[in-house]
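Q: heads up, no residue letters with this:
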């Protein structure tokens, strides 16, 4: 039977209503999606590689003009310096380790839950910091637990009770990435695994850790792209907000 | 400073207390983890490939004896027939499309939230069914939305309001797997993307869809292994339980 | 500047009008896209792998009921036999080499132009036949030129004048796939290259031919998936229709 | 039966006539193909990587001496500066973003049709510019539509009517490259998909986008090499010329 | 300075003496290396794949005639049946799970040390059994510890004291293979890691486990080929013999 | 300077004379290259995979009708049986191990030189036999030396003087393929290395041996496709013919 | 039967005793595992890549404060200079070729056995030196044998008697890595194979040598990661210690 | 039957005689193989990458002291400058394009035959030059034919008669590498194919051309490593020498 789609009382007409008035701003080289804050709960974020400094600054200005917090990831120090030199964003700061430019101009209510970000090694810290900065700019309280990889498992065990209090845990690991599976077998909550490109030889720039995490024998582990601390943090934030919201009856 | 780890008042000693009394059952060829229900919130699940029929049945019996619901994934029909022939589990059933054996002997409270499982094509249905059966045996209510891939995007649009009501959405797609990104850009909640091995040639048994999902330009998308409907469902269930629990003040 | 998109006098509202009334039919396991004929110029085609025989037949019936020609690709002979056994489509036929089920019930005007389909070897014939059947069911006149690979280049040269009369040429080649580059350097029109999985060892199931075609030093060569005669034919048909249409002033 | 090939009245002898008088110029390190303009409808183009500056200049001079427009792709700024320093080509210009040297000395009639070049992100702009410059030097009118990727699909929808007016559309996308499939499902004309190396981690320098495009569930999508804006533009131009020519009865 | 090599008083002449009298037997299709027992401490072993049943039997006879224990790995049951049907080796037996034919006709002194063979899952048992059979036919006492993977780490912990008594431990694991790293971080002795092809999707037939093991952040882990229980056992045996020998002052 | 190519007094016109009268036979599904015997010194050979039995027989007949020896490689026994059943080629025979059909109806003068074909293991014999049959049907005398791989290097050493008498040596090896390098370092003549798909796990169907051979630290080693005994034999034959011919002053 | 694990009289409780008192030091960005010396027999080693100079120095200080020998691998000269500039470790030295910082402050008893480290080429020396420095800092006497690859096998033969005296041999080789197999076939003891990234083209940064070693037809060969001289040395040291210990009755 | 190997009257004893007196020179970091000239017909060649300038110079001196011509490949200009600065080799020269250092101090008789080296593009010239320099230092006369790739096949055709005069042809090609197959189908002699890393995107640093050449449908084509002009030249030289020698009755 051919049907006009009616799903739970909602038809395509209404779906279109959702899409048709969505605003964006055409900068020529970019179409800034000002609707993303409403649609997805957080504003568009600037991924810097492949963009010229001028393009980054123009998009930054466009986003900042809406009053949102602005985040630019994978930014070079030079890009931040050029941005700072415009004098327009005195409160913008550069997070060196995370390679992120942050402008916080809108107060976010602090999350009820705390998001643990766990790294296997010290060298995974840059990726973990990208996750941390991203989550914090979206209002999450975070707890960074660094260098507790499986080569010395006892370093992790004392933190298990704390990790079990979390709604979700982000695990950041390079080399063989085994920490995600081990933690996935020990904690109650889901694990978001971030493979890093730390390693050499047959790590193939993070491929080894990525495959490890995808093949985790512990269920409840999902994976993001290599070195993608940003996406892990967004996902964790979306989940934590749901849970915090549910606890508040919203 | 060298320290005895004390994190939030919890030391390694206490962590060890958590681990030391964990029960398991030694069948020789398997060590059944009877503690998993407590530790992770769901009992051990039998992954059938590589196990003999005798081994699957023995593990099945061991798990069933605890009174839990039992799930065996990637099971052949012959395995179910052998299990049925034992006469011990009259209520066990075989889910043909999902290739799963299910024994439901413990009533699970129905979830408050509904979990949408969306497929790009009809051929992705087997993987989606594995997700559906897994989620349901863990008490989730599910909603299967089949064949709404990007080749005919209008088929998806009418369901957006409904999908936006969900806490989390599972997207199952083979070939180029673009549906995960598209949906990830349209809905408010996180997306768990399941690449499938459906396709041919340069799909390389699901590699294409996997890479697509890992590289999603839409944030909030995390990925599981190719064809791993099971793990997607476990993760979604863990998240939904947290949210339902928070709503009930637990 | 934030804008309501107005591009060439057309706004999002009107775009939505295009999408909102698009019909499809919900079979549960499939959502048949009956709008595709209008939107893309040809009806939905059934890709059989991963679908049960019952599903293929049901989709076939749904498509046939609209009066369109119906094409099912990668179909097993058994599937056709089951379809034939329904007695509903006496004029449906099975193209053995192409592994396609064809139902022609709507007369298509014969194309003005002829579409050459060239294969490097005899073993590439199955893929070429898929292209041929697809193009013909869409109204194209085709010309199959088989086994003119570069190991005996003189076999090709006599056909160059004819090939130069074409609007577009489909080249089907496995092993090293060099024919696409060679032909691309000799003819005036674009070449659609179809790598096949014919070969062994380091052909890696068509990867070698695929890479060859993607790296063609002759420009004007575009590539489709390994063994994807279908998509090559659809693309060639769309182009030929444009040209035939332009010649007729439409 | 052994035959002297006679195909449509044309034999190998005549084919040889076509090849035997083809001129080229031997520069020692290069054999400049001056016949390409006649055979393929556009002059040889200089692909700069792997050539010394002296070689590029010498080939440039050889091509320019014929009065054709000259295009050198993937050129470094230094190469252009050295070329400019010869003082021989005062009207040559360097297209920074496209990394192309262009010498327009032969007026090309403006194409009747307009060629849309669509990018998923701002970072794909360099590849899109290579396509744009190439198409324009061959006489095409182009329309660049930048940053309408699937993370914010509404940015694309307003342009659909315009895209549907085109004979062919070039889609340029990195990361997961989903835009090609989505657009392929929405427009009437064929899509030439250009994967870009934009991305990180498991994008594997464009492999992810390439596989996505090759596996597109939307038919009518063909693919060129990663970052190969040039070849996409050549193909699109050849097709547009056919259509414009057909409309003019040629 | 050009030299006649004299290293520790041993010249090439003497090295040649070692090689020149090495016996082998020419069967036409095989050259059986009867010297291997002396040179390497164990006789040649028959790797069955790619050999005809007749060839396997002939090599088996050649080896057995020397009075050594004979081992044929990756043997099909049919091959054993054909061997048994010759009536020549009444004491030969077939190890079903290990897929090995064993003829023990020479008493090996039982090793002083015990070799632990640890598997992550039940499905890794076949590979572990190949290792066990191989080690035992070479005189090792073994201890098989099955299904103690990281999804339930507590199943492993009780065995640590025992594992720490070993000279070397063989770890057999598929999927993500994390057990090798975890165990490598916990025990005092070296670990020989055997990746298995158990898994699906992105395990790519054992590649995932292989990369995990090669990239182990725990040092002291070396790796053999996927599913190669045989080579792991040989290596472990060579090491154990050295240690047992040293303890006996030999 | 633009030139009419004149190289050593030979122009394109004359080159065309070479190509224009080249005969071939159009069977519809195949264009049999009857000129190959003249152009390349050996007739076209039938590669069976992907061809139907009917096609193989028809091409076989076409080639046999010229009086040449006919070779069909990778043929199934069934194909030979069907060919034999035609009763047309009573002297055709099937080489089981080589999987080749051979029809010798034209006496080839025996080569002056002997071609050694060396295998690392017994399991490489099928590929070596394809090389042997191919070389012999082209008139070469061959010497098969089987199972002298590097695990027992002394088995090879006695044959070095003989191998050093050869013009060229074919080495056939699977697994790690080290024999090609070792032999390449010991003999005076070039080595044609044939990787085989023998092995398992990380041999990746011959990829390991292929890479080994391509990376040989011994120079003078060239490589053919995995399992391609045929091409190795053709190359060796072409070289031996040149040398035999030179010795006879031709 | 559900059991409290009792294996050889040792329960989980006692296993926990082993883990519970394990000390580590929390530096914020690192958790230095001071227990590793006891647990694994050697102190934690600093892998420098991905760590800032400040982090390396802080961890170095933490480890040095325990009185152990300290080793930092893959260290840049600048890092050593910064460390030296602190004036705290006057006896620390930089091993240029091995890229290692070494602080020897605790006398290690010289090993009874000598560890041969053999390289195929001169270019493999850096990796071999990492192995040598690592083994020596752990008390091993080593013997470096450089450039005896299979292209000139006679260079190796004179050293066979000496190599046969060893307990274990480390083989370091790039390109095709055949030396590991060859040596594995000649010596009595196990071989630890270290593939190096030396090579070009199809060596794929060491992949070729890695696959060669994993697929070695000689048994008794185990493999570590590409360029991982460190792990090979640790493994060899652990084995040598066991043997030396056994000889001394410990 | 166990045998003392007697093959054509030559036993292992005699084989050992061949190996035992082979001289080499121990430089510590290198063992220079002075016997290679005798054994393989050309002296050892220095592959520079991974060697320090000091090491290259020392090996160069060792080789030069024997009076042979010396060749160092993949040498940086700086290395040559350092070598020149020693003042010891006034007649050494640096071949810039080939990146080779050449010392010709021993007159080689000019070869009777001429070796054609054919490139597909100008950018392949560096690799072709490495082949040319190598062949010439070994006494070959060469003929370089540049930029005759398949995008303009007519550029090649005029040279066919000349190429057919050759004993063997070297083909150097990047991108899709189709020239090797095309030439292999046209000439009578064998073709040595050298894939180059010229290309971009899906050429994967020469992998595409390598696979093309390995899968050539034209037989008589063998392949060397990517960019390995050196090995192609050595092989071609060995073959040409055999043929020239045979013509002279040696």
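A: Here it is on my side, so go on. The structure presented is a predicted model; accordingly, all values stated were derived computationally and were not measured.

Q: quick one, phi psi at residue A:32?
A: phi -80, psi 130 (degrees, to the nearest 10).

Q: May I have the residues that are in contact with it?
A: Counting by CB atoms under 8 Å, 6 or more residues apart in numbering or on different chains, residue A:32 touches A:24, A:25, A:44, A:59, A:62, A:63. For glycine as for every other residue, the C-beta is placed from the backbone atoms N, C-alpha and C.

Q: Looking at the residues you listed, which is nearest chain D?
A: The nearest member of the contacts of residue A:32 to chain D, counting by CB to the nearest CB, is residue A:24 at 5.0 Å.

Q: Surely the closest one is in contact with residue D:149?
A: No: Residue A:24 is not in contact with residue D:149 according to CB atoms under 8 Å; the separation is 11.7 Å.

Q: Which neighbours do the two have in common?
A: With CB under 8 Å, 6+ apart as the test, residue A:24 and residue D:149 both reach residue D:155.

Q: Who has more neighbours out of these two?
A: Using other CB atoms under 10 Å in any protein chain shown as the criterion, residue A:24 and residue D:149 rank with residue D:149 on top: 29 against 24.

Q: So for the more buried one, what's the nearest residue that isn't a sequence neighbour?
A: residue D:120 (3.5 Å; CB to CB, 6 or more residues apart in numbering or on different chains).

Q: Could you measure from that neighbour over to residue A:38?
A: 22 Å (CB to CB, to the nearest Å).

Q: Which one's more surrounded, these two?
A: A count of neighbours by other CB under 10 Å puts residue D:120 above the other of residue D:120 and residue A:38, at 31 against 12.

Q: Quick one, grab the pLDDT at the more buried one.
A: Listed pLDDT for residue D:120 reads 96.

Q: quick one, what contacts it?
A: Residues near residue D:120 by CB under 8 Å, 6+ apart: B:217, D:147-150, D:171-175, D:177-179.

Q: just residue A:47 next, same as before
A: By CB under 8 Å, 6+ apart, the contact list for residue A:47 reads A:73, A:74, D:121, D:123.

Q: Please list which of those residues are also close to chain E.
A: Applying CB under 8 Å from any CB of the partner chain, the subset of the contacts of residue A:47 adjacent to chain E is empty.

Q: buried subset of the residues you listed?
A: The neighbour-count test (16 or more other CB atoms under 10 Å in any protein chain shown) marks A:73, A:74, D:121, D:123 as buried among these.

Q: what's the closest of those to chain H?
A: Nearest to chain H, judged by CB to the nearest CB, of those is residue D:123 at 15.8 Å.

Q: residue contacts, residue A:202?
A: Neighbour list for residue A:202: A:208, E:211, E:214, E:215, G:206, G:207, G:210, G:225, G:226 [criterion: CB under 8 Å, 6+ apart].

Q: Now for the first one: which residues touch it?
A: Contacts were defined as CB under 8 Å, 6+ apart; by that measure residue A:208 touches A:175, A:176, A:177, A:199, A:202, E:211, E:212, E:214, E:215.

Q: what about residue A:248, how many neighbours?
A: Number of residues near residue A:248 (other CB under 10 Å) recorded here: 10.

Q: rewinding a little: can you redo the contacts of residue A:202 as JSON lines with secondary structure, pLDDT and distance to residue H:167?
A: Shown next, in JSON lines, are these (DSSP: H, G, I helix; E, B strand; the rest coil; pLDDT from 0 to 100; distance: CB to CB, whole Å):
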{"residue": "A:208", "secondary structure": "helix", "pLDDT": "96", "distance to residue H:167": "47"}
{"residue": "E:211", "secondary structure": "helix", "pLDDT": "97", "distance to residue H:167": "45"}
{"residue": "E:214", "secondary structure": "helix", "pLDDT": "97", "distance to residue H:167": "45"}
{"residue": "E:215", "secondary structure": "coil", "pLDDT": "96", "distance to residue H:167": "48"}
{"residue": "G:206", "secondary structure": "helix", "pLDDT": "96", "distance to residue H:167": "36"}
{"residue": "G:207", "secondary structure": "helix", "pLDDT": "96", "distance to residue H:167": "35"}
{"residue": "G:210", "secondary structure": "helix", "pLDDT": "97", "distance to residue H:167": "37"}
{"residue": "G:225", "secondary structure": "coil", "pLDDT": "97", "distance to residue H:167": "45"}
{"residue": "G:226", "secondary structure": "coil", "pLDDT": "97", "distance to residue H:167": "40"}
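
Q: Next, format those as a markdown table and append distance to residue H:49.
A: Formatted as a markdown table, the contacts of residue A:202 follow (distance: CB to CB, whole Å):
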| residue | distance to residue H:49 |
| --- | --- |
| A:208 | 26 |
| E:211 | 26 |
| E:214 | 24 |
| E:215 | 25 |
| G:206 | 13 |
| G:207 | 17 |
| G:210 | 18 |
| G:225 | 21 |
| G:226 | 16 |
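
Q: and the helix ranked longest in chain A, what other elements does it pack with?
A: Looking across chain A with DSSP state H, the single longest helix is helix A:229-247. If contacts are counted by 3 or more CB pairs under 8 Å, 6 or more residues apart in numbering or on different chains; DSSP states H and E, helix A:229-247 sits against strand A:114-119, helix A:125-137, strand A:169-173, strand A:191-195, strand B:221-223, helix B:229-247.

Q: Same question for that helix: list its buried residues.
A: The neighbour-count criterion (16+ other CB under 10 Å) identifies A:229-244, A:246-247 as the buried residues of helix A:229-247.

Q: Also compute the angle for it relative to strand B:191-195, please.
A: Helix A:229-247 and strand B:191-195 are oriented at 130 degrees to each other (axes from the mean of the first three to the mean of the last three CA atoms, to 10 degrees).
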